[in-house]
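here is my input, please return the structure:
(chains A and B)
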Amino acid sequence: MLKVKVNNKEVQVEEGLTVLQACEKAGAEIPRFCYHEKLSIAGNCRMCLVEIEKSRKPVASCAMPVSEGMNIKTNTELVEKARKGVMEFLLVNHPLDCPVCDQGGECDLQDQSMFYGIDKTRYKENKRYVPEKYMGPLIKTHMTRCIHCTRCIRFATEIAGVEELGAIGRGEDMQITTYLEKTMESELSANVIDLCPVGALTSKPYVFEARPWELKKTESVDVMDAVGSNIRIDTYGWEVKRVLPKINEDINEEWISDKTRYACDGLKNQRLDTPFFKKNGKFEKIEWKDALDILKKKIDVTSPNKIAGFTGDLTNMETSYSAKELFGKVFKSPHLESRTKNNFIDIEKRQNYIFNSKIKGIDKSDLIILIGTNPRYEATMLNARIRKTYKKNKSKIYSFNNLGDLTYPYEILNNSTSEIKKIFENNHKISKEIVNAKYPIIILGHEILNLQSAKFIFEGFQSFLKDNNKINENWNSLNILNLNASSVGSYDLQVLSNNNDTLHKLKSNFFDVIFLFGQDDLIFNKKNEFVIYIGSHGDRGAEIADLILPGAAFTEQDGHYTNLDGELQMAFKASYPPGKAKEDWQIINSISQIMSEKNLFDNKKDLINSMISYLNSNKKNSFSSLFKKEFVDEKISVYPIDYYYSNVIARSSKTMMECRNLRKRVNKTGTEG
Amino acid sequence: MSLKKVNKIQPDNFEFNSNNLDLAKKILSKYPADKMKSAVMPLLYLAQKQNDNWIPLSAMKYIAKFLSMPYIKVYEVATFYSMYNLSPVGKYYIQVCTTTPCMIRGAYKLVDVCKKKISQKEKELSKNQQCSWVEVECLGACINAPMVQINDEYYEDLNTTKFSEIIEDILSDKKPKSGSYRGRINSEPENNRITLLNNKNA
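Below is the predicted model of the structure:
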């Protein structure tokens, strides 16, 4: 610990901190543009100048390591004058277009010039003009406003792992650009918008949409993947205008993926706002009462075990739980399923289906093995963590598939299950590495759980790791990477068919009535089934439906989600369902009301209490005994998921569509050459 | 100074010729294996020399792949330094020194000759696409002022007539003799030495 004085106040700080961090610890705020905790230090904006005793000139505090006995002053006349000077220089070439700038109201430059700058200009010459740069469909550029802090460049190279942004030219003519103005090929690209302290990089889909002070801000969680990034939803009336990251060091730090950020315009399109009934192959608008009557008539003539229900990838736990109660208590049917494939899952213990090492735990890992998963597209934020640990610890990373660019180098292993078998039989060079590693991480993707030998591999790994003390109280190195926001929550709630046969029976057209709770990804040939779709968007599920009951999207109802870490989080209501649509649990409640003249739950609170007590009761069936433990020599294939097209909200989003088209074209023609 | 413009017409391919490839490998061997990027500047210069004094985009890509570094990083370096040309400047690239000593000895008269004989503007190709000229800062040959540099050679002690002849030669693709144009040996006094006469080594 070092003793330093900040404005005559003594503080103790750890060694290796910068003067700026020490000042922050002492409670002295220092203005800055280029400095950012998560990025490397550049020290080029000069806004953080402070006075240090025995130093003749003001010092850039962000780049100066703190040393014993420093006497730092941040409120002297010299500092004030220095800040004013820097501010004046920064504004020399900065246009005075705040009234038409999208950053206005949340602009670092604007705020700091109000606070630290001077109120008039002495600069009479012409300002510099910089032509706009194309950076893809997400980022709008206005490079005249750029103050060359290089945060965006550092983000792209260090965190996103795509070295595509750079500064060309020099001095006054320096310009930030991508190589020959190509689109940034990263799923994290839009974070540079948040990083930009001025209005040089702004959001293209959000251009001139709203001012920050007019928006209602709701803190929530993201449902685009199982990571459960923490987000802030900004709404203007009903409309969700934009989604921003919220800091959560355990999950997403302060970044979010482009899909999380920009799929929100899908909440405006293709919405189901009134009940529909299919008559002679055409959908007709009907009233709620009629819809429920039709439903009752249909179910009354159907035997309970011919009714099946499927919950979807974005379904919150409240909906899953009420569906479970509906099927258990009202329909008395055993066929409620949350998966789309009969993949292996052992729900007896929670550690059998979550990411045990935790996303935060990746930071200290020294060996990562990817089996049947492509984290770049399946869990973008998790992939960013792997890159972080690769950068920090130089961790070794292996994959059984060639996954293309993952933003970090990895070694490709022989792609077959017999190779995996060798590892946990201690017959492989990696076995030794696992044993020697301090914090190894083995990530099993969903593709591996679909294999015939899934149970064999999972349990084999488990016992191998247990034998070598890699699964203990402090560290559990066996992880399952779930794909969907609802996965872990559904497993926690045991939304799985009792005999693991629902999906087989669906394929053989066994059922008469099928409920789809926001489930759009089922693959089956519809014959005479009566399909009821309860969900928010008119997509694949609604297309095959006979009766549509309009529900709410994740931004329009309070709901819990459990992320792949096993962290229970709540998505808050930021907006309300459109038209006659209702919250999902209300729909299920009214189905129960009409079927049995009894509400499942009195109110939402009752539902949540009941759900939490169910989660705590922890009565789990042994589900894994339904799977055969056998070894088959198979190839592991990772099918690339259609990143910008993976759920109903993304499929309805114009922005995502644009990204997808762009990426497809790029893949076809090839960029190098 | 303004941002250098990249030429619109670009060749499709660039590769070092065998001679330069050997040179490039020699340059690379000066750096540790994980610090190959450091060779980007000499390699860019090599590419510029091979390609008539300018660096096309394909050469930048070629060098980026050669050193396994991102394209943008090579592009950054190439746009930063004023001695890399990103658009054609002709087979003969004339750099006229106009810093104070040369200026006093009539460098601007040489500039006028360039304007008349080659092109009105700096870095503009002559009619036969063979050469272009540019004003530069001190080239360190003040004692022989005024002087110009054409590709790798210095042409010193010039006046307008002599410089006109040099340009005529260049335009007809003849390489003129380099060095002093008043008969001096390097920077020795013009009419025999008057100092250090007894010193054998002088």
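
every contact and neighbour count from this point should use C-alpha atoms.
Will do.

quick one: residues contacting the residue in the stretch 501-650 of chain A that chain B sits nearest to.
For the stretch 501-650 of chain A, the residue positioned closest to chain B under CA to the nearest CA is A:Tyr643, at a distance of 24.8 Å. If a contact means CA atoms under 8 Å, 6 or more residues apart in numbering or on different chains, then A:Tyr643 has A:377-378, A:660 as its contacts.

apply 6 Å and report the result again.
Listed by CA atoms under 6 Å, 6 or more residues apart in numbering or on different chains, the contact set of A:Tyr643 reads A:Tyr377.

what about it, distance to A:Gln462?
Per CA to CA, to the nearest Å, A:Tyr643 is found 31 Å from A:Gln462.

what does A:Ile420 give?
In this structure, A:Ile420 lies at 13 Å from A:Gln462, with CA to CA as the measure.

show me the contacts for the most centrally placed residue in chain B.
By CA atoms, centre = their mean, the mean C-alpha position of chain B lies nearest to B:Asn151, the distance being 4.2 Å. B:Asn151 sits next to B:Tyr93 when contact means CA under 6 Å, 6+ apart.

coming back round to it: among A:Ile420 and A:Gln462, which residue is more densely surrounded?
When neighbours are counted by other CA atoms under 10 Å in any protein chain shown, A:Ile420 and A:Gln462 differ, and A:Ile420 comes out ahead with 22 against 18.

pLDDT on the one helix or strand A:Asn616 maps to, on average?
For A:Asn616, the element it lies in under DSSP states H and E is helix A:604-617. Throughout helix A:604-617, pLDDT has a mean value of 92.

could you dump it to PDB, C-alpha only?
Once non-C-alpha atoms are left out, helix A:604-617 reads as follows in PDB (Å, rounded to 0.1, in the frame of the first residue of the first chain):
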ATOM      1  CA  LYS A 604     -48.800 -12.100 -10.200                       C
ATOM      2  CA  LYS A 605     -47.400 -12.000  -6.600                       C
ATOM      3  CA  ASP A 606     -49.100 -15.300  -5.800                       C
ATOM      4  CA  LEU A 607     -47.600 -16.800  -9.000                       C
ATOM      5  CA  ILE A 608     -44.100 -15.600  -8.200                       C
ATOM      6  CA  ASN A 609     -44.300 -16.800  -4.600                       C
ATOM      7  CA  SER A 610     -45.600 -20.200  -5.700                       C
ATOM      8  CA  MET A 611     -42.900 -20.500  -8.300                       C
ATOM      9  CA  ILE A 612     -40.100 -19.500  -5.900                       C
ATOM     10  CA  SER A 613     -41.300 -22.000  -3.300                       C
ATOM     11  CA  TYR A 614     -41.300 -24.700  -6.000                       C
ATOM     12  CA  LEU A 615     -37.700 -23.800  -6.900                       C
ATOM     13  CA  ASN A 616     -36.700 -24.000  -3.300                       C
ATOM     14  CA  SER A 617     -38.400 -27.300  -2.700                       C
END
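
near chain A, which residues of chain B are found?
Near chain A, the residues belonging to chain B are B:3, B:72, B:76, B:79-80 when assessed by CA under 6 Å from any CA of the partner chain.

reformat these as CSV; add pLDDT and neighbour count.
Compiled in CSV, the residues of chain B next to chain A are given as follows (pLDDT from 0 to 100; neighbours: other CA atoms under 10 Å in any protein chain shown):
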residue, pLDDT, neighbour count
B:Leu3, 79, 16
B:Ile72, 93, 22
B:Glu76, 93, 21
B:Thr79, 94, 21
B:Phe80, 94, 19
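
now, the most widely separated pair of those residues?
Taking every pair in the residues of chain B next to chain A and measuring CA to CA, the maximum separation is 15.7 Å, between B:Leu3 and B:Ile72.

okay, the residue lying closest to A:Glu658 once chain neighbours are set aside and A:Thr202: tell me how far apart.
With CA to CA, 6 or more residues apart in numbering or on different chains as the criterion, A:Glu658 has its nearest non-adjacent residue at 6.9 Å, and that residue is A:Pro137. Distance, A:Pro137 to A:Thr202, using CA to CA: 11 Å.

those two: which has the busier surroundings?
Each of A:Pro137 and A:Thr202 has its neighbours counted (other CA under 10 Å); A:Thr202 has more, 23 against 17.

give me phi/psi at that one?
For A:Thr202, the backbone dihedrals (degrees, to the nearest 10) come out as phi -130, psi 170.

swap in A:Ser477?
phi -90, psi 0.

please apply the same query to A:Phe517.
Given degrees, to the nearest 10, the pair of backbone angles that A:Phe517 has is phi -90, psi 80.

surely it touches A:Ile534?
Yes. With contacts defined as CA atoms under 6 Å, A:Phe517 counts as touching A:Ile534 at a distance of 4.9 Å.

pLDDT weak spots in the chain?
No chain was given, so I picked chain A. Segments of chain A classed as low confidence (criterion: pLDDT under 70) are A:619-620, A:666-673.

chain B was what I was after
When the per-residue scores of chain B are filtered using pLDDT under 70, the ranges that remain are B:1, B:201-202.

how close does the residue nearest in space to the middle of chain A sit to chain B?
Closest to where the C-alpha atoms of chain A average out (CA atoms, centre = their mean) is A:Ser229, at 4.3 Å. Separation of A:Ser229 from chain B (CA to the nearest CA, to the nearest Å): 30 Å.

from A:Asp565, how far out is that residue?
On the measure of CA to CA, A:Ser229 and A:Asp565 end up 11 Å apart.

again with A:Phe89
For A:Phe89, the distance to A:Asp565 under the criterion CA to CA works out to 47 Å.

quick one, which of the two is more surrounded?
For A:Phe89 and A:Asp565, the more surrounded residue by other CA under 10 Å is A:Asp565, and the numbers stand at 25 against 13.

so the more buried one sits right up against A:Phe355, yeah?
Yes. Taking CA under 6 Å as the contact criterion, A:Asp565 and A:Phe355 are neighbours in contact, 4.8 Å apart.

ok so, going back, how far off centre is whatever helix or strand comes next after the helix holding A:Asn616?
Once helix A:604-617 ends, the next helix or strand along the chain (criterion: DSSP H and E) is helix A:648-651. The chain centre lies 14 Å from the centre of helix A:648-651; the measure is CA atoms, centre = their mean, to the nearest Å.

also stretch B:33-43?
Distance, stretch centre to chain centre, for stretch B:33-43: 22 Å (CA atoms, centre = their mean).

what does it contact?
Stretch B:33-43 is contacted from outside by B:Leu67, using CA under 6 Å, 6+ apart.

give the buried residues for it.
Of the residues in stretch B:33-43, B:36-37, B:39-41, B:43 count as buried by neighbour count, 16 or more other CA atoms under 10 Å in any protein chain shown.
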